[in-house]
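Just the structure for this:
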Amino acid sequence: MNRCYAQASGEGTGALTSGTGVGAIQNMIYAGAAVTVRATVYDIIVSSGSTPGDAGLSFAIRRTTTAAPTGGTAVGLVPVPMDFSDAASNSLGACGGSTPLATATMIGTPFPMTWAQNQRVTWRWCAVPGGEILQAAVVYAGIAIALLANAGTVPTLNTTIFFRE
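Take a look at the predicted model:
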């Protein structure tokens with residue numbers, strides 16, 4: 001049976017303000033120093049806790065390889081098991097914030113998924129069976145939510161990645 005986990009941006013640190021610039025990582029999961037199981041992302045939620053505004057935001061799912069993330073607000077987080085009797089996740093989590101995350105190798109385009117949303121909207125993506133985003137079987141391989149564009153004031157963003165191992 002698959003174990004399910006959640007990686008929320010600002011885990012224990014509150015909501016995070018988005019980094020500026022193309023590619024700023026908001027939230028991610030990544031394989032640790034040893035790949036024993038591959039994570040499969042099946043659900044993503046993105047929302048804003050800022051005062052309502054009409055900022056247009058553009059996001060993408062980006063893949064990372066070969067190096068653990070650095071910078072950001074929190075790195076090396078342990079994702080929360082959805083069943084509290086489950087063991088700790090093999091994947092680690094990281095979130096950006098006002099100091100964007102950086103990694104040695106970000107895989108550029110094409111992105112597995114992109115979307116645009118208004119700041120006032122809570123957006124959710126749920127994979128159809130077999131349509132999940134699968135983590136590569138490489139040490140430090142990651143799946144990240146990146147802010148690609150922001151047409152307005154930088155809002156506070158909350159993101160959650162749900163995944164199975």
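
In this protein, what helix or strand scores lowest on average pLDDT?
Ranking every helix and strand in the chain by mean pLDDT, DSSP states H and E puts strand 16-17 at the bottom, with a mean of 48.

Could you tell me which strands sit next to the helix or strand following that one in the sheet, and their orientation?
Later in the chain than strand 16-17, the nearest helix or strand by DSSP states H and E is strand 24-31. Neighbouring strands of strand 24-31 in its sheet, by DSSP bridges, are strand 91-95 (antiparallel), strand 142-151 (antiparallel).

number of nearby residues for Asn118?
As a burial measure, Asn118 scores 15 neighbours (other C-beta atoms under 10 Å). No exception for glycine: its C-beta is placed from N, CA and C like everyone else's.

Who does it form a beta bridge with?
Those that pair with Asn118 in a beta bridge, by DSSP bridges, are Gly56.

who's in contact with it?
54-57 (C-beta atoms under 8 Å, 6 or more residues apart in numbering).

Quick check: which of the strands paired with strand 24-31 is nearest to Met82?
strand 91-95 (13.6 Å; C-beta to C-beta).

quick one: average confidence on the closest one?
Strand 91-95 carries an average pLDDT of 84.

ok, now stretch 53-71?
Mean pLDDT, taken over the full extent of stretch 53-71, equals 80.

List the buried residues of that stretch.
55, 57, 59-65, 68-69 (16 or more other C-beta atoms under 10 Å).

Which among the strands paired with strand 24-31 is found nearest to Ile45?
Comparing the strands paired with strand 24-31 by C-beta to C-beta, strand 142-151 comes nearest, at 9.9 Å.

Just checking, which helix or strand succeeds the closest one along the chain?
Taking DSSP H and E, what comes next after strand 142-151 is strand 156-164.

Packing partners of that next one?
strand 4-8, strand 16-17, strand 24-31, strand 40-48, strand 91-95, strand 142-151 (3 or more C-beta pairs under 8 Å, 6 or more residues apart in numbering; DSSP states H and E).

ok, residues contacting the first one?
Under the criterion C-beta under 8 Å, 6+ apart, residues 27-29, 77, 79-83, 86, 89, 91, 93, 95, 158-165 lie in contact with strand 4-8.

From those residues, list just the buried residues.
Judged by 16+ other C-beta under 10 Å, buried ones among the contacts of strand 4-8: 27-29, 77, 79-81, 89, 91, 93, 95, 158-165.

Where does pLDDT dip in the chain?
Where the chain drops to pLDDT under 70, the residues are 1, 10-23, 52, 66, 71-76, 96-106, 154.
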